[in-house]
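[1] task: produce atomic coordinates for the following.
(one chain, ligands or ions: 1)
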Amino acid sequence: MKKRITAFRRLKQHHLEQLSEHFRVDYFPELDSPDDPAFREALREAHGLVGAGLPITPALLDDAPHLEAIASISVGVDNYPIDELTRRDILLCNTPDVLTETTADTGFALIMATARRVVELADFVRRGDWQASIGEAQFGSDVHGKTLGMVGLGRIGAAVARRGALGFGMPVLYSNASPKPELERELGARRRELDELLAEADFVCVTVPLTAETTHLFGAAQFARMKPSAIFVNIARGKVVDEPALIAALEAGEIRAAGLDVFAQEPLPADSPLPRMANVVALPHIGSATVETRDAMAQRAVDNIARALRGERPISLVNEAAWHARHD
Ligand code: NAP
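    The predicted structure follows:
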């Protein structure tokens, strides 16, 4: 009998066909709640789960007694109770590497857009307000040669730092859990305590994962340490930032601007002031959202789940201990 996979969101026909060759697939392309009765019913029979953007709770796992593996179509795994999955010997797989460069492009787009006020001034032209040569009130600030402070220097952080150092001649500072001697050699990056980095950087770009430790890593005290001319860019997760503190810092001129791809609540609530602030560029969580990269991520998730359910080691495994529990 074929093993069963419950899939939700973001799979294309060719991915579903690949899975259906070997597995029975229940597909929920429009799933908007984990409480959807048909989804819960499918989950009760599922050996594999594929999708993204849905918080997976222990209660939901209780309803999935046959689950062997989850393949998330994301690199971030903050939606999953990792310890709980490991306790139940359920493999968790993600999609690192294939989205690194695309997400770094998004980070750099936000650096450029905020510094040069691209969105604000494009809107100015669109409104028909360009009636004379622009003056200093609309000037931006340089990106090249300015100091780039990376908070998190993993795969995506390194790719942003490479763009800054090699493409724009930016000195790179970084704050990261572990030192990165290879990147220090390659890019001349220098490690700093977070507080020192905040005081020195012209751009602060966040690429840490969301964990208990990084939740609200940025609050009023951190924004107060930044230069008034500094620009804050977040392409990690919204909850790394205390959003009301960010809004207050932007309103008070404690920092100059923010480029944000991620928010505490997504989609952004209608009453959030962020999209209406002239010194904010807000994007709808598009870090990895190109046709090519989303396809590569889905393919990685399909390969991960197929391998896991065949008893082979997935390409990208998050909880090594669950693999050993199943296969040693
Ligand atoms: P990664 O390679 O694991 O890099 C994360 C880096 O953060 C690592 O270098 C890690 O240090 C460091 N770190 C972890 N906890 C830290 C802490 N408490 N303080 C300082 N540094 C810490 O992951 P990645 O592939 O670059 O992805 C990073 C994150 O980006 C993901 O988790 C995801 O949330 C986010 N993301 C967002 C989008 C988007 O659409 N906007 C797209 C992709 C990813 P070590 O090297 O010492 O472990």
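[2] got the residues of the stretch 201-328 of the chain near the ligand?
    Taking CB under 6 Å from any ligand atom as the measure of proximity, the stretch 201-328 of the chain contacts the ligand at 207-211, 213-214, 235-237, 261-262, 285, 287-288. C-beta: built from backbone N, CA, C; applies to glycine.
[3] tell me which of those residues is nearest to the ligand?
    Distance to the ligand across those (CB to the nearest ligand atom) is lowest for Gly287, with 2.1 Å.
[4] assumed the closest one was part of a strand.
    No - per DSSP: H, G, I helix; E, B strand; the rest coil, Gly287 lies outside any strand segment and is coil.
[5] could you give the number of residues near it?
    For Gly287, the count of nearby residues is 24 (other CB atoms under 10 Å).
[6] ok, it - contacts?
    Applying CB atoms under 8 Å, 6 or more residues apart in numbering, we find Gly287 in contact with Leu99, Thr102, Thr103, Thr106, Gly107, Ile235, Asp261, Val262.
[7] turn the buried ones among the residues you listed into a named PyMOL selection, would you?
    Selection of buried members from the contacts of Gly287 for PyMOL, criterion 16 or more other CB atoms under 10 Å:
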select buried, resi 99+102+103+106+107+235+261+262
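[8] just checking, which of the contacts of Gly287 belong to helices?
    Filtering the contacts of Gly287 for membership in helices, criterion DSSP state H, returns Thr102, Thr103, Thr106, Gly107.
[9] distance check, Leu153 against the ligand.
    Distance, Leu153 to the ligand, using CB to the nearest ligand atom, to the nearest Å: 5 Å.
[10] correct me, but that residue touches Tyr174?
    Yes - counting by CB atoms under 8 Å, Leu153 does reach Tyr174; the two are 4.3 Å apart.
[11] pull up the overlap in contacts between those two.
    Common neighbours of Leu153 and Tyr174, using CB under 8 Å, 6+ apart, are Ala161, Lys180, Leu183, Ala189.
[12] and the residue of the stretch 151-300 of the chain closest to the ligand?
    For the stretch 151-300 of the chain, CB to the nearest ligand atom, closest residue to the ligand: Gly154, 1.7 Å.
[13] that residue: what's it in contact with?
    Gly154 neighbours (CB under 8 Å, 6+ apart): Asn176, Thr207, Val208, Pro209.
[14] ok, the closest residue to the third one other than its chain neighbours to Ala289 distance?
    If I follow you right, that is Val208. In this structure, Val208 finds its nearest non-sequential neighbour in Gly152, 3.6 Å apart by CB to CB, 6 or more residues apart in numbering. Gly152 is 20 Å from Ala289, where distance means CB to CB, to the nearest Å.
[15] okay, the two: which has more neighbours?
    Neighbours were counted for Gly152 and for Ala289 using other CB under 10 Å; Gly152 has more, 23 against 16.
[16] I'd say the more buried one and Ala236 touch.
    Yes - using CB under 8 Å, Gly152 is in contact with Ala236, at 6.6 Å.
[17] the longest helix in this structure is where?
    Longest helix of the chain, by residue count under DSSP H: helix 291-309.
[18] contacts for that helix?
    By CB under 8 Å, 6+ apart, the residues outside helix 291-309 that reach it are 3, 5, 10-12, 15, 18-19, 22-23, 47-50, 68-74, 91, 93-95, 98-99, 102, 288, 313-317.
[19] residues of that helix that come out buried?
    For helix 291-309, a neighbour-count test (16+ other CB under 10 Å) marks 293-294, 296-309 as buried.
[20] before we move on, the earlier item: which of the ones in helices among the contacts of Gly287 come close to the ligand?
    Thr103.
[21] in CSV: the ones in helices among the contacts of Gly287, plus pLDDT.
    Shown next, in CSV, are the ones in helices among the contacts of Gly287 (pLDDT from 0 to 100):
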residue, pLDDT
Thr102, 98
Thr103, 98
Thr106, 99
Gly107, 99
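[22] tell me the secondary structure at Met150.
    Per three-state DSSP, Met150 ends up strand.
[23] show me what contacts it?
    Residues near Met150 by CB under 8 Å, 6+ apart: Gly157, Val160, Ala161, Val172, Leu173, Tyr174, Ser175, Asn176, Ala189, Cys205, Thr207.
[24] need the pLDDT of it.
    Note on Met150: pLDDT of 99.
[25] about what we covered before: nearest to Leu250, of the contacts of Met150?
    Nearest to Leu250 among those: Cys205, at 16.3 Å, using CB to CB.
[26] and that closest one, what does it touch?
    Cys205 neighbours (CB under 8 Å, 6+ apart): Gly107, Ile111, Leu148, Gly149, Met150, Val151, Gly157, Val160, Val233, Asn234, Ile235.
[27] and the gap between the first one and His14?
    If you measure Gly107 against His14 using CB to CB, the figure is 30 Å.
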